[in-house]
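Asks: Predicted model, plus sequence, below.
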Amino acid sequence: MKKQFTLETRLSLLDDAKEYLTEYIAFYNEISRKMWQIVKLSNFDECYTRSEFNTYVIKKYNVLKRTANSIYNELVGKKNSLLELKKVEAFNLKNKLEVHILKKKLLIEKINKLKEKVTLNKATDKELSRYRKYKNKYYYLSNKINTLKQKLDITLTQIKNKTISLGFGGKKAFKAQYNLLAYGYKTHTKWKNDYVKKRDKNIFYLGSKDESYGNQLAQMNYDAQTDEFTLRLRKEKKYSIDSKYLEIPNIKFSYMKNELIDIINNQKNQLNLSPLSYRIYRRDRKWYLQVIITVISSDFITRKDYGVIGLDYNNGFITLSETNESGNLIMSKNYNLKYHGCGNKALNEILNVVNDIVKYAKSVGKDISIENLDFKKTKSKSISGTNKKYNKMIHTLDYSRYIFRLENKCYKMQVSLNKVNPYKTSQIGFIKYAQKRKMSIHQAASFVIARINQGYID
């Protein structure tokens with residue numbers, strides 16, 4: 001079983017390395033922007049194969065073959081991901097449109113009830129005020145529906161024709177030039193310098209398991225004595241007059257360092273070959289290195305024969321229930337989540353809780369079971385003004401980050417993670433277990449989730 005991970009560290013660059021990367025990052029991104037005009041065309045797949053595109057880039061810009069291949073891979077990946085985002089956008093727009101049309105229908109019924117009294121001048125002041133309020137809502141709701149229809153038509157057309165637009169550097173940063181003072185700029189030159197840095201911010205080196213050290217253009221070595229890595233970059237032809245390679249020493253990793261060392265050693269010994277892709281990234285004046293590794297995991301070391309750990313994720317806490325081989329509850333525990341939203345505090349809190357849960361599951365040798373939830377449709381159908389408390393809850397519920405971290409941690413620690421049907425787990429738990437055993441509804445729900453994974457039917 002394979003899974004990709006991205007490792008990141010900050011680089012301490014010498015002056016010659018900074019000079020080269022500053023020049024090359026502008027050159028690389030200029031090629032990417034110009035080639036995007038070709039890749040974004042709806043008939044791109046019919047006109048160009050990967051080989052034909054690479055040949056065109058090599059001849060036009062006199063770059064290495066692997067550079068052209070990296071640009072192709074990155075741009076096609078961007079196009080495909082944007083198309084998928086457009087599909088999600090269309091899905092959300094359809095759901096919102098359905099809800100607004102239903103709301104308009106209910107509003108028309110309310111208006112029609114009062115219309116006869118208003119036309120005959122028999123309506124009270126309150127009824128007249130309510131009628132005017134409904135008419136005002138009807139006007140704005142109709143406008144909203146028309147706007148949603150137009151957006152949906154445009155999105156569906158883009159998906160059908162595969163016509164995707166992409167603003168390098170970001171729309172917000174680009175529009176700042178039209179209102180410099182509001183964005184803290186005194187001159188247009190200052191804005192342009194900042195915008196160029198945001199636009200030209202990364203260099204991608206695509207790896208391949210068949211190549212030396214997993215990558216032809218960027219190769220990394222590890223020195224056990226200094227506990228540091230050294231990255232050697234192959235320079236482009238126009239920059240390789242003095243030297244063919246650029247070396248960046250004193251690189252350190254803390255996250256998944258051992259896995260990276262194993263992959264480098266395997267490449268040296270030609271065993272279990274795995275690609276190593278690199279991305280050099282610039283944020284403001286700081287330079288970072290991202291390494292994309294592919295980890296091959298062996299079989300999971302946990303089983304559900306001994307029992308299962310069920311997790312019920314809620315707004316503000318995670319409830320854990322552990323069962324034995326017979327499906328009986330032997331332990332229940334709450335993990336509080338104090339922070340909400342997408343801040344670093346909330347992320348660190350989720351990481352710590354997930355780490356504790358997975359470590360415990362590994363120590364007892366039991367699988368983890370969770371609900372297979374999807375809030376996309378629920379979020380897209382939520383409307384401001386209706387059930388505000390519930391809408392706020394589902395939008396602050398950081399479920400996607402929780403699942404992503406849990407899946408990664410389970411994979412690395414070889415703990416099996418199973419997703420079960422969430423249908424009425426809370427209701428079943430409340431009726432069958434919570435009342436009889438004096439459990440909370442969330443403890444009962446996590447207990448049911450664990451039992452479902454073991455094959456028991458409640």
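Replies: It's in. Note that the structure is a prediction, hence the values are computed from the model and not measured.

Asks: what about residue 361, helix or strand, and which?
Replies: Residue 361 belongs to helix 344-364 when elements are defined using DSSP states H and E.

Asks: pLDDT averaged over that helix - what is it?
Replies: Averaged across helix 344-364, pLDDT comes to 92.

Asks: Kindly report the same for stretch 402-413.
Replies: In this model, stretch 402-413 has a mean pLDDT of 89.

Asks: Show me how far that stretch is from its chain's centre.
Replies: 14 Å (CA atoms, centre = their mean, to the nearest Å).

Asks: CA-only coordinates of it in CSV, if you can.
Replies: The C-alpha coordinates for stretch 402-413 follow below in CSV (Å, rounded to 0.1, in the frame of the first residue of the first chain):
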residue,chain,number,x,y,z
TYR,A,402,-9.4,15.6,11.5
ILE,A,403,-9.9,12.8,9.0
PHE,A,404,-6.7,13.8,7.0
ARG,A,405,-4.5,13.7,10.1
LEU,A,406,-6.1,10.5,11.4
GLU,A,407,-5.6,8.7,8.1
ASN,A,408,-2.0,9.8,7.9
LYS,A,409,-1.2,8.8,11.5
CYS,A,410,-2.9,5.4,11.1
TYR,A,411,-1.0,4.7,7.9
LYS,A,412,2.3,5.6,9.4
MET,A,413,1.7,3.6,12.6
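
Asks: May I see the buried residues of that stretch?
Replies: 402, 403, 405, 406, 409, 410, 411, 413 (16 or more other CB atoms under 10 Å). Just so you know, the C-beta spots here come from the backbone N, C-alpha and C atoms, and that holds for glycine as well.

Asks: Pipe those into TSV and attach secondary structure per row.
Replies: Shown next, in TSV, are the buried residues of stretch 402-413 (DSSP: H, G, I helix; E, B strand; the rest coil):
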residue	secondary structure
402	helix
403	helix
405	helix
406	helix
409	helix
410	helix
411	helix
413	coil
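
Asks: circling back: whatever helix or strand comes next after the helix holding residue 361 pairs with which strands?
Replies: Going down the chain from helix 344-364, the next helix or strand is strand 366-371, by DSSP H and E. Strand 366-371 sits in its sheet next to strand 303-314 (parallel), strand 417-420 (parallel), going by DSSP bridges.

Asks: between those, which one is nearest to residue 224?
Replies: For the strands paired with strand 366-371, proximity to residue 224 was assessed by CB to CB; strand 417-420 is nearest, at 33.9 Å.

Asks: Next, report how far the closest one is displaced from the centre of its chain.
Replies: How far strand 417-420 lies from its chain's middle: 20 Å, per CA atoms, centre = their mean.

Asks: Dump that strand to PDB, restricted to CA.
Replies: Provided in PDB are the C-alpha atoms of strand 417-420 (Å, rounded to 0.1, in the frame of the first residue of the first chain):
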ATOM      1  CA  LEU A 417      -8.800   2.600  10.000                       C
ATOM      2  CA  ASN A 418     -12.300   1.600   8.900                       C
ATOM      3  CA  LYS A 419     -15.200   3.800   8.000                       C
ATOM      4  CA  VAL A 420     -18.800   2.700   8.700                       C
END
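
Asks: Quick check: buried residues in that strand?
Replies: Judged by neighbour count (16+ other CB under 10 Å), strand 417-420 contains these buried residues: 417, 418, 420.

Asks: closest to residue 212 among these?
Replies: residue 417 (35.7 Å).

Asks: wait, that closest one sits on residue 406?
Replies: Yes. With contacts counted by CB atoms under 8 Å, residue 417 reaches residue 406, the gap being 6.7 Å.

Asks: any idea how this structure splits into domains?
Replies: 1-13+172-296, 41-165, 303-454 (automatic domain parsing).

Asks: from those domains, which stretch is densest packed?
Replies: Most buried of the domains of the chain, by mean neighbour count (mean count of other CB atoms under 10 Å): domain 303-454, with a mean of 17.

Asks: would CSV of the domains of the chain with distance to residue 23 be doable?
Replies: Below are the domains of the chain laid out as CSV (distance: least, CB to CB, whole Å):
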stretch, distance to residue 23
domain 1-13+172-296, 7
domain 41-165, 14
domain 303-454, 34
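
Asks: which stretch in those has the least confidence?
Replies: Mean pLDDT is lowest for domain 303-454 among these, at a mean of 85.

Asks: what's the span of that one, first residue to last?
Replies: Distance across domain 303-454, first residue to last, is 10 Å (CA to CA, to the nearest Å).

Asks: Kindly report the same for stretch 333-348.
Replies: By CA to CA, the extent of stretch 333-348 from end to end equals 20 Å.

Asks: starting at the chain centroid, how far to that stretch?
Replies: 18 Å.

Asks: Then stretch 109-122?
Replies: 51 Å.

Asks: And the contacts of that stretch?
Replies: 123, 127, 128, 130, 131, 134, 135, 138 (CB atoms under 8 Å, 6 or more residues apart in numbering).

Asks: No more questions from me, cheers.
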